[in-house]
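>>> only geometry, no sequence info:
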């Protein structure tokens, strides 16, 4: 193998090693710690916070929303997963995932 071919193969192997396969929605579970989530899936693509001031909300969080006490702050971590977006919910600074939501690709809320 020539030196340039070996270098190209090494670069390709390093690039593949840095890639994470797209997770399945079922790979995310309640009870996972923040550290476990980051170690397994990397930093979230998006973070946002909501404070519960209304009894209803639209979006992937709506099935979890009824379990959130009024006035609680929900931190939402979003990840792209096969078929859509997974949201992880941390309530009032909880160290672990308290709930999950899923938005299928192309869904509009």
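Sure, I can see it. Computed from a prediction, not measured in an experiment: that's the story for all the values here.

>>> how about the host helix or strand of residue 40: buried residues?
Here residue 40, judged by DSSP states H and E, is contained in helix 34-41. Within helix 34-41, the residues that count as buried by 16 or more other C-beta atoms under 10 Å are 34, 37, 41. Where you see a C-beta, it was placed from the backbone N, CA and C, and this is true even at glycine.

>>> how about stretch 62-77?
Within stretch 62-77, the residues that count as buried by 16+ other C-beta under 10 Å are 64, 65, 68, 72, 74, 75, 76, 77.

>>> now do the helices in the protein.
Listed in chain order, the helices of the chain (DSSP state H) span 3-17, 34-41, 62-65.

>>> mean pLDDT for those: which is lowest?
Here the helices of the chain differ in mean pLDDT, and the lowest is helix 3-17 at a mean of 51.

>>> measure how buried residue 93 is and give me the count.
Per other C-beta atoms under 10 Å, the neighbour tally for residue 93 reads 8.

>>> tell me what residue 46 is bridged to.
On the basis of DSSP bridges, residue 46 is bridged to residue 78.

>>> low-confidence stretches in the chain?
For the chain, the stretches with pLDDT under 70 are 1-20.

>>> from residue 59, how far off is the spatially most central residue of it?
Centre of the chain computed as the mean C-alpha position; nearest residue by C-alpha atoms, centre = their mean is residue 79, 3.2 Å away. In this view, residue 79 and residue 59 are 15 Å apart by C-beta to C-beta, to the nearest Å.

>>> hmm, residue 96 and residue 31 touching each other?
Yes: judged on C-beta atoms under 8 Å, residue 31 makes contact with residue 96 at a distance of 5.6 Å.

>>> more neighbours: these two, which one.
Neighbour count, other C-beta under 10 Å: between residue 31 and residue 96, residue 96 has more, with 16 against 8.

>>> about what we covered before: distance from the helix holding residue 40 to the middle of the chain?
Centroid separation for helix 34-41 versus its chain: 9 Å, with C-alpha atoms, centre = their mean, to the nearest Å.

>>> what's in contact with it?
With C-beta atoms under 8 Å, 6 or more residues apart in numbering as the contact definition, helix 34-41 has outside contacts at 20, 23, 27, 28, 32, 77, 79, 88, 90, 95, 96, 97.
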